[in-house]
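K.L.:
any chance you can model this:
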Amino acid sequence: MAQTILHKAASRGYADHGWLISRHTFSFAGYYHPERIHFGALRVLNDDYVAEGMGFGTHPHDNMEIISIPLEGDLEHKDSMGNVSVIKHGDVQVMSAGTGITHSEYNRNKDKPVKFLQIWVFPNKKNVKPRYQQITLDISERHNKLQPIVSPNDNDEGVWIHQDAWFHLGTFDKDFSAEYALKKSGNGVYVFVIKGSVSVNGTLLDERDGLGIWETESFHIISQSPGAEVLLMEVPMYR
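P.N.:
Presented below is the predicted three-dimensional model:
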C-alpha cells in the first residue's frame, strides 16, 4: 500500500527579508524542522518572491543539482562559468554545482516582482564538472498532460541532472484525470500544487500544498479546479 506524507501550504517555513519572501517546504537556512529535512533525494523546495530590482548576491554551491522554475517575472542569472542569462515563465534552468560554482540571481525588472521555485536535489555523482543548462518549453504542451521538464538523460525533453529523477508539469481543466506511473522502482514522487486544487488518490491538495507518495507503482490525479497547475518530482527515496 502506498505511503504518503502531506504538507499543507501554511505549515511551511517562512522567511521575510523585505526584498525576499521565501516559503520552505523543507528545512532551509533559519527554518529547521527535524521531520522535514528532505523527501528522498529532494532536499530543498523553496517558493520565492523577489522584490523589484533586488536579488541574491554572488554565493557558492557544490555537489547539488539546483533547478529553478520561474512562475512570474524575469530572473537574471550570472555564474562563475561565464553564463549570463534571463529566465522567465516557461523556462527551466539547472545547475550541476559539482566541484563548486558561484552565481547570483536578480530580478531584472524595476516594476514587478519575480516568483520562482528553487529546488535542490542530491546528486548520484559527487565532484562532477559544474554545468549549466537552460531551456524554453512550449507551455501549451502541458495542457491536460504531464510535460517532462527534468530527467536523467541529456537526450530527453527538458533539462537533465545527475540523478535518477523525473519532473513533470501539468495544467488541467476541472475534472481532468491523469495516471502517473513511476519511472523507477524504489522512487517516490513529491506532488506540489502551484495553482488551484487537485486530488491524489483521494487526498485533496490545495494551492501550494505538497504530498509525498512512495511504495507504489502509480497514482491517480484528478483536477478539482479549472486551470489547476501541478509539479511532480520523482526522486529516489535514498540519498
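
K.L.:
what about stretch 225-239, how long is it end to end?
P.N.:
The stretch stretch 225-239 measures 35 Å between its terminal residues, going by Cα to Cα, to the nearest Å.

K.L.:
pull out the buried residues from it.
P.N.:
For stretch 225-239, the neighbour count (16 or more other Cβ atoms under 10 Å) marks 225, 228, 229, 230, 231, 232, 233, 234, 235, 236, 237 as buried. The way it works is simple: take the backbone N, C-alpha and C, and place the C-beta from them, glycine included.

K.L.:
tabulate the CA atom coordinates of the helix or strand hosting residue 92 in PDB.
P.N.:
Per DSSP states H and E: residue 92 is located in strand 91-96. The C-alpha trace of strand 91-96 is given here as PDB (Å, rounded to 0.1, in the frame of the first residue of the first chain):
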ATOM      1  CA  ASP A  91      11.900  28.300 -18.900                       C
ATOM      2  CA  VAL A  92      13.600  25.700 -16.800                       C
ATOM      3  CA  GLN A  93      17.200  26.200 -15.500                       C
ATOM      4  CA  VAL A  94      19.500  23.700 -13.900                       C
ATOM      5  CA  MET A  95      23.000  24.000 -12.400                       C
ATOM      6  CA  SER A  96      25.000  20.900 -11.500                       C
END
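
K.L.:
quick check: mean pLDDT across it?
P.N.:
Averaged across strand 91-96, the pLDDT comes to 97.

K.L.:
on the three-state scheme, the residue sitting nearest the centre point of the chain is what?
P.N.:
Note on the chain: the residue nearest the mean C-alpha position is residue 119, at 4.4 Å, using Cα atoms, centre = their mean. With DSSP: H, G, I helix; E, B strand; the rest coil as the basis, residue 119 sits in strand.

K.L.:
just to revisit the earlier point, and the two most separated of the buried residues of stretch 225-239?
P.N.:
225 and 236 (31.3 Å; Cβ to Cβ).
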